[in-house]
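Colleague: Have a look at this prediction, sequence included:
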Amino acid sequence: MEAPPNAASFAQALRWWLRLGCISFGGPAGQIAIMHDELVVRRRWLSERRFLHALNYCMALPGPEAQQLATYIGWLLHGTRGGIAAGVLFVLPSLLLLIALSWIYVAFGQVPVVAGVLYGLKPAVTAIVLHAAWRIGRRALRDPVLWALAVLAFAAIFFADAPFPLIIVGALALGWIGGRLAPARFAGAGHAAGAASAGPALIDDDTPPPAHALPSRSRFVLVLAAGLALWGATCGGLVLALGTDHALAQMGAFFTGAALLTFGGAYAVLPYVVQAAVVKYGWLSATQMMDGLALGETTPGPLIIVVAFVGYLGAGLAGALVATFFTFLPSFLFILLGGPLVEATREDLTFTAPLTAVTAAVVGVILNLALFFAGHVLWPAGGGFDWMAALITAGAAIALVRYDAGILRTLAACAALGLAYSISRA
């Protein structure tokens, strides 16, 4: 019988988490696939069932599920320091790269070559958001009632300009009611059991939780107090030092709220970010927001790291750091607080009816975001209909939906088309 692998040292884990942060392209699905292949199949640091158990919990949380999964596994292996290290290293490479790209964008964004590339990327972003609505909708809208919720959410934000948090609260309420009146219509999809075991794992199906993963009321209170104190000290410090009207203080409060509402992944919270950052606070324009999303798509790590671009344009380097810190802080608390309770149950977790309703509503919200972007791309400010932008958008959408082209490949092709078109016009 094959022996389980040797214990993974903290130094080994650090090197692997840093490597993951540098190669984690492909969105959450690709990032989760990389972790599964490396940690379950190749290294056997944990078993298939333990991996899926952690994934089910992270999928039910607000926030970037791939980053939370890395945090959970790091915590399971090496305690609090392991969880924090895994979560930070998952984000750090993309943060540093996006800050560098933001500086280049601000300094050289009007250079013809850069402007031409961005011209091609904007239609690609519109197509990518449309593809996200199609992909999530195909998975989530399994019942006419859920289709109706998606349409209702779209109408609320498109026609009534309803705030994103209000739509989420309404969906939660309708899901709670519907789950009791017609539970079959709100049944979550869950996660099927994985493939056959790759062999004995370091943390196997029947391995008892390590000491740090056992439920402890005192540890729960200590972690909660430390997290609230850290948030209060940073957010309160910004308010006391700069005042409530300063961009950094506003970012601290706003991105904390955004982090608690990101059910459904980054594309679900982007409409909320656009609504606030572009319309309410004016930290950047809609065109700049699209440019930032395009840059975020080209970096590894979670797509929600685009908040660093928003923060950079709103308040420079400090804004990028503040936006990132407050966006990801709740994710660490969710894992460090909830992990012991999840390990204690050792049962498969499924989406509740309210979360199923939220996912359905998110489809309508993302579709509205795609139309918002399309309006700025196809009818640029001060001009008529842009036929070339429309052709690039249509081509990117067909490549993504019909031929399942990768996002990076689609972005590269659109950037090349935009540059060629700009050179031909010059």
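Modeller: Received it, and whenever you're ready, just let me know what you need.
Colleague: Tell me which helix or strand comes right after the helix or strand of the chain with the lowest mean pLDDT.
Modeller: Of all the helices and strands that make up the chain, the one with the lowest confidence by mean pLDDT, DSSP states H and E is helix 27-35; it has a mean of 73. From helix 27-35 onward toward the C-terminus, using DSSP states H and E, the following helix or strand is helix 48-59.
Colleague: Centre of the chain to that following helix, how far?
Modeller: 17 Å (C-alpha atoms, centre = their mean, to the nearest Å).
Colleague: Please name every helix or strand in contact with that helix.
Modeller: In terms of contact count using 3 or more C-beta pairs under 8 Å, 6 or more residues apart in numbering; DSSP states H and E, helix 48-59 is assigned the packing partners helix 65-108, helix 306-345. Where you see a C-beta, it was placed from the backbone N, CA and C, and this is true even at glycine.
Colleague: Take the ones you listed and write them to TSV, including mean pLDDT.
Modeller: Putting those into TSV (pLDDT from 0 to 100) gives the following:
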stretch	mean pLDDT
helix 65-108	93
helix 306-345	92
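Colleague: Show me where the stretch 101-250 of the chain dips below the pLDDT cut-off.
Modeller: For the stretch 101-250 of the chain, residues meeting the criterion pLDDT under 70 lie at 110, 187-198.
Colleague: at 80 what do you get?
Modeller: For the stretch 101-250 of the chain, applying pLDDT under 80 flags the ranges 109-112, 114-115, 132, 135-136, 139-140, 163-165, 168, 184, 186-199, 205.
Colleague: What's the separation between Ile203 and Arg15?
Modeller: 19 Å (C-beta to C-beta, to the nearest Å).
Colleague: neighbour count winner among the two?
Modeller: With neighbours defined as other C-beta atoms under 10 Å, Ile203 and Arg15 compare such that Ile203 has more, 21 against 12.
Colleague: these two touch, right, that one and Arg44?
Modeller: No: contact status for Ile203 versus Arg44: not in contact, 9.2 Å apart, counting by C-beta atoms under 8 Å.
Colleague: Next, the contact list for Leu411, please.
Modeller: Contacts for Leu411 were tallied using C-beta atoms under 8 Å, 6 or more residues apart in numbering; they are 121, 124, 294, 297-298.
Colleague: what's around the residue nearest to Leu317 when sequence neighbours are not counted, how many residues?
Modeller: Counting by C-beta to C-beta, 6 or more residues apart in numbering, Ile99 is the residue found nearest to Leu317 once chain neighbours are left out, at 6.7 Å. Neighbouring residues of Ile99 were enumerated by other C-beta under 10 Å; the total is 20.
Colleague: how close does Ile99 get to Tyr312?
Modeller: Looking at Ile99 against Tyr312, where the rule is C-beta to C-beta, the gap reads 6 Å.
Colleague: what do you get for Phe154?
Modeller: Spatial separation of Phe154 from Tyr312 under the definition C-beta to C-beta is 31 Å.
Colleague: higher neighbour count, these two?
Modeller: Counting neighbours by other C-beta under 10 Å for Phe154 and for Tyr312 shows that Tyr312 has the greater number, 26 against 20.
Colleague: if I read this right, the more buried one contacts Ala318, doesn't it?
Modeller: No: here Tyr312 does not reach Ala318: they are 9.1 Å apart, not a contact under C-beta under 8 Å.
Colleague: neighbours around Leu166, how many?
Modeller: 12.
Colleague: contacts for the strand or helix carrying it?
Modeller: Per DSSP H and E, Leu166 falls inside helix 164-181. Contacts made with helix 164-181 from outside it, assessed by C-beta under 8 Å, 6+ apart, are listed as 145, 149, 153, 156-157, 185-186, 257, 261, 263, 269, 271-272, 275, 352-358, 360-361, 365.
Colleague: residue contacts, Pro340?
Modeller: For Pro340, the residues meeting the contact criterion (C-beta under 8 Å, 6+ apart) are 209, 213-216, 219-220.
Colleague: how close does it sit to Gly282?
Modeller: 43 Å.
Colleague: Next: Asn6.
Modeller: Applying C-beta to C-beta, one obtains 55 Å for the distance of Asn6 from Gly282.
Colleague: Val125 now?
Modeller: When C-beta to C-beta is applied, the distance between Val125 and Gly282 equals 21 Å.
Colleague: Would you mind telling me which of these two has more residues around it?
Modeller: Counted by other C-beta under 10 Å, Val125 and Gly282 do not tie: Val125 has more neighbours, with 26 against 11.
Colleague: Please, which helix or strand holds that one?
Modeller: Assigned by DSSP H and E, Val125 belongs to helix 112-140.
Colleague: Please give the number of neighbouring residues around the closest residue in space to Leu92 that isn't next to it in sequence.
Modeller: Closest residue to Leu92 in three dimensions, ignoring its sequence neighbours and counting by C-beta to C-beta, 6+ apart: Gly21, at 5.9 Å. For Gly21, the count of nearby residues is 24 (other C-beta under 10 Å).
Colleague: swap in Val223?
Modeller: By other C-beta under 10 Å, the residues close to Val223 number 19.
Colleague: Could you do Asp37 as well?
Modeller: A count of nearby residues for Asp37, using other C-beta under 10 Å, gives 12.
Colleague: one step back: quick one, which of the contacts of helix 164-181 are buried?
Modeller: 145, 149, 153, 156-157, 185-186, 261, 263, 269, 271-272, 275, 352-358, 360-361, 365 (16 or more other C-beta atoms under 10 Å).
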